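**Student:** Sharing a model that was predicted from the sequence below.
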Amino acid sequence: MGEYQHNLDDKGRIVVPTKLREGLGSSMIVTRGLDGCLAIYTLASWDVIVKGLAALPTTKQVSRQYIRLLTAKATEAVLDKQGRILIPSSLASEADLTKNCVFVGVSDHVELWDQQRWDEYYDSSSESFEEIAEKLSEFIQ
């Protein structure tokens, strides 16, 4: 959980916050996320996702599309000695990552956002926070 600002360098590297590093481990999967961000998963969480994808009916076009879009640009990122990972340019462009980025801890994964995009998303979503909570209250115990 939490929100952490870090800068993407000219080579596409970014420092993973120490608090998040502890949970992610030294190797992680970075892929396309929802709502305009990148999603970062532990290797174990990614295995669960891949098993779930394998259970989708590939006779349905929507399943094939989702599987392809989620896995096509997915990459394993390994922490270097400075605690950085490399974000491939193809993934950085998916999320419009510029220099200023935000890591957001989200329950079972971490999201990486462009700072401006995150601020806009957070502000617009915050306006309906109570309405969203009410709609989901039956699922939260």
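**Tutor:** That came through, no problem. Being a predicted model, the structure only gives us computed values, none of them experimental.
**Student:** only C-alpha atoms for contact and neighbour calcs from this point on.
**Tutor:** Fine.
**Student:** can you give me the helices in this protein?
**Tutor:** Counting by DSSP state H, residue ranges of the helices within the chain are 18-24, 43-54, 61-71, 89-94, 115-126, 129-136.
**Student:** Show me which positions of the shortest one end up buried.
**Tutor:** Across helix 89-94, burial judged by 16 or more other Cα atoms under 10 Å covers 91-92.
**Student:** Could you give the average pLDDT over it?
**Tutor:** For helix 89-94, the mean per-residue pLDDT is 95.
**Student:** Report all helices and strands that it contacts.
**Tutor:** strand 27-32 (3 or more Cα pairs under 8 Å, 6 or more residues apart in numbering; DSSP states H and E).
**Student:** coming back round to it: out of the helices of the chain, nearest to Lys81?
**Tutor:** Between Lys81 and those, the tightest spacing by Cα to Cα is seen for helix 18-24, at 12.3 Å.
**Student:** Next, the buried residues of the closest one.
**Tutor:** 20-21, 24.
**Student:** and what of stretch 60-70?
**Tutor:** Residues of stretch 60-70 classed as buried by neighbour count (16+ other Cα under 10 Å): 63, 67, 70.
**Student:** The residue nearest the centre of the chain pairs with what?
**Tutor:** To find the centre residue of the chain, average its C-alpha atoms and take the closest one (Cα atoms, centre = their mean): that gives Ala39, at 1.5 Å. Following DSSP bridges, Ala39 is listed with bridge partners Thr31, Glu111.
**Student:** show me where pLDDT drops low in the chain?
**Tutor:** Per-residue confidence for the chain (pLDDT under 70) gives these ranges: 141.
**Student:** same thing but at 80, please
**Tutor:** For the chain, applying pLDDT under 80 flags the ranges 139-141.
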